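1. give me a 3D structure for the following:
(chains A and B)
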Amino acid sequence: MSVESIIGAWVATGLTLFIFSFLYRDNPLFKLAEHLYVGVSVGYTIVKTYDTVLVHLIWKPIVEQHEWSLLIPVLIGTLMLARYVPQAAWLSRYAFAFIVGVGAGLAIPRTISSFILKQVEDTVRPLVALVPGEGVVLTWDLLNPASGVNTIIILLGVSSVLFYFFFSVEHRGPGKVVARTGIFFLMIAFGAAFGYTVMARMSLLIGRLTDLIGYADEAYGRPTLWLTVLTVSMLLLLSRRLKSEPPQEG
Amino acid sequence: MRIAERMLKIDRRIIFLIIGLCTLVPLLYPVGLPIKISPEVRAVYDYIESLPEGSVFLLSLDFDPSSKPELYPQAVALLHHAFRKNLRVVAMTLWVSGTGLADQIISQVARETGKEDTKDYVFLGWSPGGTAVIINMGQNLYTTFPSDYHGRPTKGLPVLEGVNSLRDVDYAVSLGAGNPGVEAWYVFGKDKYKFEMGGGCTGVMAPGLYPLLRSGQINGLIGGLRGAAEYESLIGRKGQAIAGMDAQSATHMAIIVLVMLCNLFYFVLRRQQQAS
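-> Residues are numbered from 1 along each chain as shown, chains lettered A, B, ... in the order given. Presented below is the predicted three-dimensional model:
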């Protein structure tokens, strides 16, 4: 086992346990791990961005391969920094105008095509299918996404939810029934989303516990056991100290 | 204080402890509950299975370490399958914070399967721009990634022979933990450059991607740790995901029981209050 792996195991175990200690109560160990996480993430992003963008995509192509056309995007990018100089801040508007213009031009047609037209096409599927030899067939298989019964459910769901968000008409009489149906569909959607969220969070817990079990191995020096003892002791000490301290006034 | 009232005011740390134990015990003593394969996961597997040897498989690892427990097993399973099928693997990431992890995953699986860097696979690394990277790759892969993660020029690499843009990709899978991810790859990649693609995502994102799956915009979807476990079952390789499935089932059961008990105590307490 390499020294880096052993050090990595101790650091990973310690930080995981420090973060988990928040489940007991907010404490300095949790704060330490939280601040380290933010700092390391930002530091890593800055270093990778510097290396990839400034060194490999700008400096090397311009200096070594003389790709002078790259100076145009560099200039546009540099204009953004003009915001920090009040007298020249107006120059940054050109850069932002360029980015907003290109971004909107690229995104709008693609988004309309993918999220509106394609989804509308899928919502208005034919209710019945023409099967050779069998004639017109309406399938009732709930597990088949293309079946007629699912087409009806989707049509009902989309129409009623859209009506629920249509506020120009008061939801009374038959309108109330449709709006209520919309709420019913929305609740099912929220339930499914929440169920998946619970599953995802549990997966994260499983991932961390799997690593902690792995790091309890003797080859790593059993960091899980030692650091659990350390974390629990620290929490007990902290709890005692808080109890012994008189409550602050004001 | 009545039992129902006391139970409703239970210290939340006891619930944390129950959930922790329900996760830990099955991890230490696995039972091996059966895993049913869903059609959306099978669709990804079947498509890769149908690809001829030497086809170009693009894997975009669009996540960072915070989503590792769910997407790492998916990436490992997909790479094992692709390498077993002798596909040419082109890996990359749209997330700067996931670059190191992505490199670690592909290097590890390649080492395990005896695959050679630049000949059987290449890791292109990260390039700035998010969705613009996908559009650029659709026009010219070499201007988007002039060099790979290790600084070698991409032009002339054996693994990229005959590959000029996304149009030359036979199958793409984005393992996304957010934006840019699966949706961006569909909107700016598949929809524009017409290649087949599947997706992998965290459990939180899965319900939002089902409309894309239903409409055929993506051909398959691997959702969360559960999806990874299904894929591991399909390729016959027990990994981290299958190992975690017992724990997942146990915690879900614990949560269901807790929700039911909570409701039961709530209604009991309400009835008692009404009676008194």
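2. for the rest of this, base every contact and every neighbour count on C-alpha atoms.
-> Fine.
3. any weak-confidence spans in chain B?
-> Residues of chain B meeting the criterion pLDDT under 70: B:1.
4. up against chain A, what does it have?
-> For chain B, the residues in contact with chain A (Cα under 8 Å from any Cα of the partner chain) are B:13, B:16, B:23-24, B:27, B:67-70, B:96-97, B:126-128, B:186-188, B:191, B:202-204, B:206-207, B:211-212, B:214-215, B:224-225, B:244, B:247-248, B:251-252.
5. among those residues, which are located in helices?
-> Per DSSP state H, helices hold the following members of the residues of chain B next to chain A: B:13, B:16, B:23-24, B:27, B:68-70, B:191, B:206-207, B:211-212, B:214, B:224-225, B:244, B:247-248, B:251-252.
6. give me the buried subset of the residues you listed.
-> B:23-24, B:27, B:68-70, B:191, B:206-207, B:211-212, B:214, B:224-225, B:244, B:247-248, B:251-252 (16 or more other Cα atoms under 10 Å in any protein chain shown).
7. return the helix or strand in chain A with minimum mean pLDDT.
-> Lowest on mean pLDDT, DSSP states H and E among the helices and strands of chain A sits strand A:129-131, with a mean of 76.
8. what lies in contact with it?
-> Contacts with strand A:129-131, where a contact means Cα atoms under 8 Å, 6 or more residues apart in numbering or on different chains, come from A:136-138.
9. among those, which one lies nearest to chain B?
-> Checking those against chain B with Cα to the nearest Cα, the nearest one is A:Leu138 at 18.7 Å.
10. OK, contacts around the spatially closest residue to the closest one that is not a sequence neighbour?
-> Distances taken as Cα to Cα, 6 or more residues apart in numbering or on different chains place A:Val128 nearest to A:Leu138, at 4.8 Å, with adjacent residues excluded. Contact analysis of A:Val128 by Cα under 8 Å, 6+ apart lists A:136-139, A:148.
11. next, give phi and psi for A:Val128.
-> phi -120, psi 160 (degrees, to the nearest 10).
12. check A:Val136 too.
-> A:Val136 has phi and psi values of phi -80, psi 120 when expressed as degrees, to the nearest 10.
13. can you report how many residues lie near it?
-> The number of residues packed near A:Val136 is 11, by other Cα atoms under 10 Å in any protein chain shown.
14. so what pairs up with it in the strands?
-> A:Leu130 (DSSP bridges).
15. Provide a list of residues in contact with it.
-> Shown in contact with A:Val136 (Cα under 8 Å, 6+ apart): A:128-130.
16. helices of the chain, start to end?
-> Going with chain A. Under DSSP H, chain A gives helices at A:3-20, A:28-49, A:60-63, A:71-80, A:92-111, A:118-123, A:148-164, A:174-214, A:223-244.
17. um, chain B though
-> Using DSSP H, helices in chain B cover B:3-8, B:12-28, B:39-50, B:68-84, B:99-113, B:131-139, B:141-144, B:182-185, B:191-193, B:206-214, B:224-235, B:240-275.
18. and A:Ala146, how close does it get to B:Asp191?
-> Look at A:Ala146 and B:Asp191: by Cα to Cα, to the nearest Å, they are 22 Å apart.
19. among the contacts of A:Val128, which one has the most neighbours?
-> Counting neighbours by other Cα under 10 Å, the top entry in the contacts of A:Val128 is A:Gly148, with 21 neighbours.
20. do I have it right that that one meets A:Thr139?
-> Yes - A:Gly148 is within contact range of A:Thr139, at 5.2 Å (criterion: Cα atoms under 8 Å).
21. which parts of chain A sit against chain B?
-> Residues of chain A lying near chain B (Cα under 8 Å from any Cα): A:23-24, A:41, A:44-45, A:48-49, A:52-53, A:110-111, A:114, A:118-119, A:122, A:145, A:192-194, A:196-197, A:199-200, A:202-210.
22. residue contacts, B:Ala206?
-> A:196, B:223-224.
23. name the nearest of those relative to A:Ser5.
-> Top of the list for closeness to A:Ser5, among the contacts of B:Ala206 and by Cα to Cα, is B:Gly224 at 27.3 Å.
24. pretty sure that closest one is touching B:Pro73, no?
-> No - between B:Gly224 and B:Pro73 there is no contact under Cα under 8 Å: 9.3 Å.
25. how many neighbours does B:Glu53 have?
-> Neighbourhood size, B:Glu53 [other Cα under 10 Å]: 14.
26. quick check: it touching B:Phe83?
-> No - here B:Glu53 does not reach B:Phe83: they are 9.8 Å apart, not a contact under Cα under 8 Å.
27. count of residues packed around the closest residue to A:Asp141 other than its chain neighbours?
-> Of all residues not flanking A:Asp141 in the chain, A:Ser147 sits nearest, at 5.9 Å (Cα to Cα, 6+ apart). For A:Ser147, the neighbour count with other Cα under 10 Å is 20.
28. ok, now A:Tyr196?
-> So A:Tyr196, with other Cα under 10 Å, has 20 neighbours.
29. quick check, it in contact with B:Gly203.
-> Yes - using Cα under 8 Å, A:Tyr196 makes contact with B:Gly203 at a distance of 5.2 Å.
30. ok so, going back, could the helices of chain B go into a markdown table alongside distance to A:Arg222?
-> Converted to a markdown table, these look like this (distance: least, Cα to Cα, whole Å):
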| stretch | distance to A:Arg222 |
| --- | --- |
| helix B:3-8 | 38 |
| helix B:12-28 | 16 |
| helix B:39-50 | 37 |
| helix B:68-84 | 22 |
| helix B:99-113 | 24 |
| helix B:131-139 | 44 |
| helix B:141-144 | 45 |
| helix B:182-185 | 39 |
| helix B:191-193 | 51 |
| helix B:206-214 | 37 |
| helix B:224-235 | 27 |
| helix B:240-275 | 21 |
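31. since that was my last question, I'll sign off now.
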